[in-house]
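> What follows is a predicted protein model with its sequence.
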2 protein chains.
Amino acid sequence: MTKNNENPLKDHFLYSFLNPESIAVFGASDSFLDNMGAMQLRNIIAGGFPKEKIFPVHLSLDKVQGIKAYKSILDLPEDITPDLAFIILRPGIVPNVMEECGQKGIKRVIITSGGFREVGPDGVKLSQKISEIAKKYDMRFIGPNCLGVYNGWYGYPEKKQANFNTMWIYVTPERGNISIAAHSGTVASHLFWYCKEIGVKIGKSLSIGNEDDIDLVDFLEYFKNDNQTSVIGLYLEEIKRGKEFVKLVKEITPKKPIVAIYAGGTESSTRSIMGHTGSIAGEDKIFEAVFKETGIISTFSIKDFLYYLRTFSHGIIPKGNRLGIISDSGGSAAMMAKAAEIYGLKVPEFSEELKSKLKDFVPSVANIDNPLDLTFQFNQYNLYVKIPKLMMNSGEVDGIVLYAVFGFEEIFDVIKNSGGKSYDKFAITDKMMKGIYLKPIQRLVKKKSIPIFYIGPQGYSNSWVREFIKSDIPIFNLWDMPVKAFSVLARYGEYCRNKS
Amino acid sequence: MTKNNENPLKDHFLYSFLNPESIAVFGASDSFLDNMGAMQLRNIIAGGFPKEKIFPVHLSLDKVQGIKAYKSILDLPEDITPDLAFIILRPGIVPNVMEECGQKGIKRVIITSGGFREVGPDGVKLSQKISEIAKKYDMRFIGPNCLGVYNGWYGYPEKKQANFNTMWIYVTPERGNISIAAHSGTVASHLFWYCKEIGVKIGKSLSIGNEDDIDLVDFLEYFKNDNQTSVIGLYLEEIKRGKEFVKLVKEITPKKPIVAIYAGGTESSTRSIMGHTGSIAGEDKIFEAVFKETGIISTFSIKDFLYYLRTFSHGIIPKGNRLGIISDSGGSAAMMAKAAEIYGLKVPEFSEELKSKLKDFVPSVANIDNPLDLTFQFNQYNLYVKIPKLMMNSGEVDGIVLYAVFGFEEIFDVIKNSGGKSYDKFAITDKMMKGIYLKPIQRLVKKKSIPIFYIGPQGYSNSWVREFIKSDIPIFNLWDMPVKAFSVLARYGEYCRNKS
């Protein structure tokens, strides 16, 4: 956002898709369990959309989910023209509805309905029809065959927690600087549960469907200039305007990292895609070449995709590929070291100088080197602050992984329930721990561009782990992913250095 | 277990390490936060060990955690000789304590203390000393430098939920048929949180440390003959008796799958291991060759390790590598198809016969082939029962992945809170759903040896997902791992067919 809170994209044609002030909804009923539109309208309402600015259109119902409904969009009062129409109807009816929207003067349409080019020749004809109508009335549309949009920044900054959500699933992620565009409504929405759990904070998520009008290049243009977007995630089944895509992405990636999945390229996945968005997927190696040339980070794993996005969203890009490993467990240290080398990272031996400095802060049985195996570290301040600080100031590492983060609230509870000594005087809250153990070191992380990845075996539901997620500090439940994520960060850092 | 509940391993020398009836504990205090032994004793008590059979030995305390303590093991009444001694003391004292245990007549010892060969020449001398004492008194010991044992079957079948747990972390997994032996206490115990979350059900977990006396081959011998063990997980930093190991493993793997991580083989991981268990790790390719020859499934990822163990624990081995994909989402279907081919699986096109049969049970806009993309399936009975049944009976697939499992309790709640229609008449419980949607098909899964892997985006905390975990039905939160896990199952199935 600019300083005066004026969004510079306000005049972009996509802006009102994401920030409509009024909306017409076609095809929603009160029947939540067998009508997808009902679920979608529910989410629009639940996101904080003003009810008086929602105009359901329904042939038989007078009210839909408590809101006055109209038989036709043409029945709306003359002085009301919704910013956006949202259509979830049988495909055969869509052209008529589009025509009426055009007559009404609506300029933006999201077509969720499936049953177009992806079902064969009849569908292709329908697609052509809606494109013609759109052209006639100067309308722009997203879809068909999509779930529409999720905008976590809806109404920002006036409305603090509002969102605009035309997807059907009943959960939303925390708001953040990640924006997603996907040829799959599932990738654009089902992942929200997992995102919420591990702290992948999403600002915008777009299900772009068949791209009969607005396409990926349009969305990327928008993301490029969007201050609310720092990291971009793409799920692709094809690339329509290849030349424009490559040119644009090359401009974006040195500033905003792009993580992409390309789902085509094998026999059965290509077959699947044909029936999904109706596109003809190309060879994997072509896409890989494009990704490499343009600096896109690619993966075929949905878990990698989400963790990479989260990793980039923290915004710390390392200056090299030397990893420092701190652990209170020799086993995980050895495994992380091995993985690091497999991923092309360095785990350098520490200098004698650094080793002798570390000596003061580790138990006598510790193995002082890189990995630094603390065996069993009771001094939490050394673990979280003193040791990482020494490593960061040494200039010998570009990133750090730290195992094991333990939440003491849980441990205190267990001790109390076991009839153990009272530790009330030690009983500091997670919030206090954050102030002592994390905040000072996070300043150094930013200053030196040396990311620290924390790992806690208690998992994402632990209250101390939640403090990390709240503060956008990278935390992981197991030790595979932090090493992999650092290798991706390091590779991206190198790409950026080569570009500048 | 044998029919008469007599454990055939009762006379094995390892039996009383896992099932001691009485125990002496050296080095535990009441000071939970800076004394590992305190935490370990707490876990022994919490597991249901009879307090009157625990004999803490402590120089200054009269009572430890409420239990009468002795100054020396020799102070115990003459007629009491504990089955097992558990030692967590400074390494220098260990030989004396071992000597006294020997005099007392104790034959089994777990030495948790670190500071032996892994710290250099002085430690090597200490190691030799304790080995000599053990020999003199005919004692067997686990360790040193380990966390000891976890036995979820302790007291079975008399004690229903008891366990014997000398590890220090405060959580235990659900009991199951997986047994683990690890050169890392972390791998043997910290993972319990994650295991509990995703349903990796562990029967026995052993932290085997430096193996100065009892070693991996001993533990594998035990697991081989243990009716409570169907699947074995190993974390290795070295293999001491290579010849015996290879011979034994070859006998085990065709009956009980073994999943292993070897952590050595890179420069920094080898350095790390040297300081951890003090062993000299060998080249990766040597270990890979051994694993391949002996049928061990290997990985360097801790997450793969746990998911593979869980996958094998369900006991359904497919007859081939043809995967059927059912999804209500084209995107996830395409991604799973691609991953399957990358992992060497087949995703065969369905026969016309099967396609025409499927037609009756899928929405009109569905893409009827393999992957089967249902788009949006409201008919849960078709999704869970009719469609998988048709696929399984067709003989065209050896395994199935099914996306997306949704828990309706959560959805009903959301609808109710949104002021939606009441669906009380539909409101069936998760337990009822299990009876309708899962049980009949699970019978077919077993009969035909065709595993079905379910995937639900709501994650492992969802109550419907928990029902799967309770019933040992494979469920995943994202769609990467089920495909990978099936590929590992298929490879193991092929290995077994080649052996028989």
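Looks like it arrived, so ask away.
> Tell me the spacing between A:I198 and A:Y307.
8 Å (Cβ to Cβ, to the nearest Å). Placement of C-beta: from N, CA and C, glycine included.
> Who has more neighbours out of these two?
Residue environment comparison for A:I198 versus A:Y307 gives the larger neighbour count to A:Y307, 23 against 19, counting by other Cβ atoms under 10 Å in any protein chain shown.
> Mind giving me the packing neighbours of the strand or helix carrying the more buried one?
With secondary structure defined by DSSP states H and E, A:Y307 is part of helix A:302-313. When contacts are defined as 3 or more Cβ pairs under 8 Å, 6 or more residues apart in numbering or on different chains; DSSP states H and E, helix A:302-313 packs onto strand A:178-182, helix A:192-198, strand A:231-236, strand A:258-262, helix A:480-499, helix B:480-499.
> Figure out which of those is closest to A:D34.
A:D34 sits nearest to helix A:192-198 of all those, at 22.2 Å, using Cβ to Cβ.
> What helices and strands are in contact with that closest one?
Using 3+ Cβ pairs under 8 Å, 6+ apart as the test, helix A:192-198 ends up in contact with helix A:302-313.
> Run the angle between the helix it packs on and helix B:302-313 for me.
Here helix A:302-313 runs at an angle of 160 degrees relative to helix B:302-313 (axes from the mean of the first three to the mean of the last three Cα atoms, to 10 degrees).
> Report the mean confidence score over the helix or strand following helix A:302-313.
Toward the C-terminal end, the helix or strand that comes next after helix A:302-313 (DSSP H and E) is strand A:323-327. Strand A:323-327 shows a mean pLDDT of 97 in the predicted model.
> Note down every partner strand of strand A:323-327 and its orientation.
strand A:372-373 (parallel), strand A:399-403 (parallel) (DSSP bridges).
> For the helix or strand bottoming out on mean pLDDT in chain A, list every residue counted as buried.
Between all helices and strands in chain A, the lowest mean by mean pLDDT, DSSP states H and E belongs to helix A:408-417, at a mean of 79. Residues of helix A:408-417 classed as buried under the neighbour-count rule (16 or more other Cβ atoms under 10 Å in any protein chain shown) are A:F408, A:E409, A:E410, A:I411, A:F412, A:V414, A:I415.
> now what about the next helix or strand after that helix, what contacts it?
Scanning forward in sequence from helix A:408-417, with DSSP H and E defining helices and strands, the next element found is helix A:430-433. Judged by Cβ atoms under 8 Å, 6 or more residues apart in numbering or on different chains, the contacts made with helix A:430-433 from elsewhere in the structure are A:G407, A:F408, A:E409, A:S463, A:W464, A:R466, A:E467.
> How far away from the center of its chain is stretch A:407-416?
A distance of 33 Å separates the C-alpha centroid of stretch A:407-416 from that of its chain, computed with Cα atoms, centre = their mean, to the nearest Å.
> hmm, that stretch in reach of chain B?
Yes: judged by Cβ under 8 Å from any Cβ of the partner chain, stretch A:407-416 and chain B are in contact via A:E410, A:I411, A:V414, A:I415.
> Reformat those residues as a markdown table; add distance to B:A85.
Converted to a markdown table, those look like this (distance: Cβ to Cβ, whole Å):
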| residue | distance to B:A85 |
| --- | --- |
| A:E410 | 30 |
| A:I411 | 27 |
| A:V414 | 25 |
| A:I415 | 25 |
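> Let me know the closest of the residues you listed to A:K484.
A:E410 (27.4 Å).
> so the closest one touches A:Q458, yeah?
Yes: using Cβ atoms under 8 Å as the test, A:E410 is close enough to A:Q458 to be in contact (6.5 Å).
> list residues touching both of those two?
Contacts common to A:E410 and A:Q458, judged by Cβ under 8 Å, 6+ apart, are A:W464.
> ok, A:I261 - contacts?
A:V187, A:L234, A:Y235, A:L236, A:S298, A:T299, A:F300, A:S301, A:I302, A:F305, B:M335.
> Whichever of those count as buried, I'd like them selected in PyMOL; how would that read?
Selecting just the buried residues from the contacts of A:I261 in PyMOL takes one command, with 16+ other Cβ under 10 Å as the test:
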select buried, (chain A and resi 187+234+235+236+298+299+300+301+302+305) or (chain B and resi 335)
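> Check the contacts of A:I261 against B:D284 and report the nearest one.
Looking across these and measuring by Cβ to Cβ, the closest to B:D284 is A:S301, at 23.0 Å.
> now the helices and strands packed on helix A:302-313 in TSV, with distance to A:F287 and mean pLDDT?
Output for the helices and strands packed on helix A:302-313, formatted as TSV (distance: least, Cβ to Cβ, whole Å; pLDDT from 0 to 100):
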stretch	distance to A:F287	mean pLDDT
strand A:178-182	15	98
helix A:192-198	25	97
strand A:231-236	8	98
strand A:258-262	4	97
helix A:480-499	18	97
helix B:480-499	19	97
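> Nearest to B:G320, out of these?
Evaluated with Cβ to Cβ, these place helix B:480-499 nearest to B:G320, the distance being 6.9 Å.
> Pull up the gap between the closest residue to A:G152 other than its chain neighbours and A:L147, please.
Counting by Cβ to Cβ, 6 or more residues apart in numbering or on different chains, A:G152 lies nearest to A:R175, which is 3.8 Å off, once chain neighbours are set aside. Shown here: A:R175 relative to A:L147, a distance of 19 Å by Cβ to Cβ.
> can you check A:M139 too?
20 Å.
> what sits against the closest residue to A:A46 other than its chain neighbours?
Closest residue to A:A46 in three dimensions, ignoring its sequence neighbours and counting by Cβ to Cβ, 6+ apart: B:S418, at 6.4 Å. Under the criterion of Cβ under 8 Å, 6+ apart, the contact list for B:S418 reads A:R42, A:I45, A:A46, A:Q65.
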